[in-house]
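Novice: attaching a predicted model along with its sequence, questions to come.
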Amino acid sequence: MTHTPLRVLILAESCNPEWSSIPLVGWSHYEALSKIADVHLITRTRNRPALNRFGLKEGRDYTAINTEFVFEPMARLVQWISGPNKGWAALTALTIPSYQLFELIAWQRFKKQLATSRFDLVHRITPVSPAMPSPFAKRCHKLGVPFILGPINGGLPWPKEFPSLQKQEGEWLSRFRALFKKVPGYKATREASSAIIVGGKSAYHEIPNKWKNKVIYIPENGFDPTRFPSPKDIASKTYKNDPIKAVYLGRLVPYKGCDMLIEAASELIRTGKIHLTIIGSGPEEENIRGLITRYDINDGVTFTGELRHRQVAEHMTGADILTFPSVHEFGGAVVLEAMAMGVVPVITNYGGPAELASPQCAFLVPLKERAAYITSLKETLQTIVSDPSCLIPLSRNSQKRAYHLFTWAQKAQQSKAIYEWVLGIKSQRPNWGMPFDDK
């Protein structure tokens, strides 16, 4: 078995090479695994057109399952209740039935192949929500087929420093989030899983101690070096009288903090010391544009709107810093993409971004109440402007950390190490630290 590719059945209901966020995580992980293992993907029919455009063949490479007739009405209901791009906790809760149907149909189609050892193991990559139970896990356990759950992520507390944020985001249901452990199948899924991959510290701490012996920490995000190539050595840059080129990349929603960035950077933008490019769109865009006009900094800010994922690197090229003041981020793929290109992150010292980066490659702004946070962010930007050469070692370290730990190829190898552990090929449970240690 060690000399032939492992045979892996992948569950990834969200898996789309043309989208962003979790669908792109599902695709990127699947694609990387397909290069080192014999894999077959089970996903939703909504991903079929994109998968076909990328050269996959249905039946041979993947199986598409139609649950849209259950999922879409629930998604529309959440949007009606919470507004666009909001209410993620409610969406997760209301779409549990559609996901259960997805796994039920998948099991009916693949139970014979699993029973006859067509696959060595099953790996559920998406959904990443820990609230979504997996009937597959218990059924695989009965057949003696190892089941890998994860990465699962979430559980990051809404920061007490921003008491109104939860309401602004329409996350009324998240007040009752702890009840997800009462969802039928929660315990059975974890009990039957051979390994549980958690994507963040918060997700790790939610796992009861009795299952910690099979938990492995691996952040769910990675980056593709072909999309975000390493630029020339930043050490050759002199800066001279050039403004610091800052990039904000993300949805324009309250918790991402673009409004706080505008307030913190306004004076430096107005005096020509920073030029800010905002990549993204969302319900806060009108408010952000109003702030830019109020501070009279229109000439120092460029709006690109929402871009396709493949276009982002073009705007990241030549940037000096990523200004991403999100205060409730359990992922943060944009941080890795910036690091890979030598763009130094300026991020909140809280949640996923702070786990992906480190003080050796980023500016970590302490999480404080709004006014104090803006002051700290402003001071950080002033430090950079006063001595841009401080970016050079951070840039080098960013690239090194990203390429050493977070390429999708590297993450596929991390998954392979877990596969070999649950199959008994290797005796020691993999451990790369939490957060990852790049020494």
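Specialist: Nice, thanks for sending it over.
Novice: when you work out contacts or count neighbours from here on, use the C-alpha atoms and nothing else.
Specialist: OK.
Novice: can you map out the strands along this protein?
Specialist: Listed in chain order, the strands of the chain (DSSP state E) span 7-12, 38-44, 62-65, 121-126, 147-152, 195-198, 215-217, 244-249, 274-279, 301-305, 321-324, 344-348, 363-365.
Novice: quick one: the ones you listed as CSV, columns for distance to Gln166 and mean neighbour count too.
Specialist: Shown next, in CSV, are the strands of the chain (distance: least, Cα to Cα, whole Å; neighbours: other Cα atoms under 10 Å):
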stretch, distance to Gln166, mean neighbour count
strand 7-12, 29, 22
strand 38-44, 30, 22
strand 62-65, 34, 19
strand 121-126, 25, 24
strand 147-152, 21, 26
strand 195-198, 24, 26
strand 215-217, 27, 22
strand 244-249, 21, 23
strand 274-279, 24, 23
strand 301-305, 25, 15
strand 321-324, 19, 26
strand 344-348, 17, 27
strand 363-365, 21, 23
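Novice: and the gap between the residue lying closest to Glu355 once chain neighbours are set aside and Glu169?
Specialist: Spatial nearest neighbour of Glu355, excluding adjacent residues (Cα to Cα, 6 or more residues apart in numbering): Pro435 at 5.4 Å. Taking Cα to Cα, to the nearest Å as the measure, Pro435 and Glu169 are separated by 28 Å.
Novice: my read: Pro159 touches Glu329, true?
Specialist: No - the criterion here is Cα atoms under 8 Å, and Pro159 misses it with Glu329 at 10.6 Å.
Novice: where does the stretch 301-439 of the chain dip in pLDDT?
Specialist: 439 (pLDDT under 70).
Novice: spatially central residue in the protein, please.
Specialist: Centroid-nearest residue in the chain, with Cα atoms, centre = their mean: Gly331, separated by 3.8 Å.
Novice: surely that one touches Gly352?
Specialist: Yes - contact status for Gly331 versus Gly352: in contact at 4.7 Å, counting by Cα under 8 Å.
Novice: overlap of the contact sets of the two?
Specialist: When contacts are counted by Cα atoms under 8 Å, 6 or more residues apart in numbering, Gly331 and Gly352 are jointly contacted by Gly200.
Novice: ok, back up a step: closest one to Leu394 among the strands of the chain?
Specialist: Minimum separation from Leu394 across those (Cα to Cα) falls at strand 344-348, 6.4 Å.
Novice: relative to Gln414, how far out is Pro283?
Specialist: From Pro283 to Gln414 the distance is 38 Å (Cα to Cα).
Novice: repeat for Pro163
Specialist: 38 Å.
Novice: between the two, which is the more surrounded one?
Specialist: Taking neighbours as other Cα atoms under 10 Å, Pro163 and Gln414 compare with Gln414 leading, 16 against 12.
Novice: distance of that one relative to Ser14?
Specialist: Distance, Gln414 to Ser14, using Cα to Cα: 21 Å.
Novice: ditto for Gln413
Specialist: According to Cα to Cα, Gln413 stands 21 Å off from Ser14.
Novice: between these two, which is the more surrounded one?
Specialist: It is Ser14, of Gln413 and Ser14, that has more neighbours when counted by other Cα under 10 Å, with 23 against 15.
Novice: quick check, Leu381 in contact with Glu267.
Specialist: No - using Cα under 8 Å, Leu381 is not in contact with Glu267, being 10.5 Å away.
Novice: these two: which has the busier surroundings?
Specialist: Leu381 (23 against 17).
Novice: excluding chain neighbours, what is closest to that one?
Specialist: Ala265 (7.2 Å).
Novice: again, but for Tyr62
Specialist: Once flanking residues are discounted, Tyr62 sits nearest to Leu41: 4.4 Å by Cα to Cα, 6+ apart.
Novice: OK, contacts around that neighbour?
Specialist: Listed by Cα under 8 Å, 6+ apart, the contact set of Leu41 reads 9-12, 30, 61-63.
Novice: which of those lies closest to His123?
Specialist: Comparing the contacts of Leu41 against His123 with Cα to Cα places Ile10 closest, at 5.0 Å.
Novice: where does the stretch 101-250 of the chain have low pLDDT?
Specialist: For the stretch 101-250 of the chain, applying pLDDT under 70 flags the ranges 170-180, 232-241.
Novice: returning to what we had before: give me the pLDDT value at the residue nearest to Tyr62.
Specialist: Looking at Leu41, its pLDDT reads 98.
Novice: for it, give its distance to Thr383.
Specialist: As for Leu41, its distance to Thr383 is 48 Å (criterion: Cα to Cα).
Novice: for Thr63, same thing?
Specialist: Using Cα to Cα, Thr63 is found at 53 Å from Thr383.
Novice: hmm, back to that, Gln399: which of the contacts of Leu41 is nearest?
Specialist: Nearest to Gln399 among the contacts of Leu41 is Tyr30, at 23.8 Å by Cα to Cα.
Novice: what is the neighbour count of the closest one?
Specialist: Residue neighbour count, defined by other Cα under 10 Å, stands at 22 for Tyr30.
Novice: likewise for Cys390?
Specialist: 12.
Novice: mind exporting the longest helix seen in the chain as CSV, just the C-alpha atoms?
Specialist: The longest helix of the chain (DSSP state H) is helix 96-115. Extracted in CSV, the C-alpha atoms of helix 96-115 (Å, rounded to 0.1, in the frame of the first residue of the first chain):
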residue,chain,number,x,y,z
ILE,A,96,-28.5,20.8,7.7
PRO,A,97,-31.4,18.8,6.2
SER,A,98,-30.1,19.4,2.7
TYR,A,99,-26.6,18.2,3.6
GLN,A,100,-28.0,15.1,5.3
LEU,A,101,-29.8,14.4,2.1
PHE,A,102,-26.5,14.9,0.2
GLU,A,103,-24.8,12.3,2.3
LEU,A,104,-27.7,9.9,2.2
ILE,A,105,-27.7,9.9,-1.6
ALA,A,106,-23.9,9.6,-1.7
TRP,A,107,-24.0,6.6,0.6
GLN,A,108,-26.6,4.8,-1.5
ARG,A,109,-24.4,5.3,-4.6
PHE,A,110,-21.1,4.3,-3.0
LYS,A,111,-21.8,1.8,-0.2
LYS,A,112,-21.1,-1.2,-2.4
GLN,A,113,-17.7,0.2,-3.4
LEU,A,114,-16.9,1.0,0.2
ALA,A,115,-18.0,-2.5,1.3
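Novice: what's in contact with it?
Specialist: For helix 96-115, the external contacting residues (Cα under 8 Å, 6+ apart) are 13, 42, 44, 65-68, 70-71, 119, 132-136, 140, 143, 145.
Novice: lovely, talk soon.
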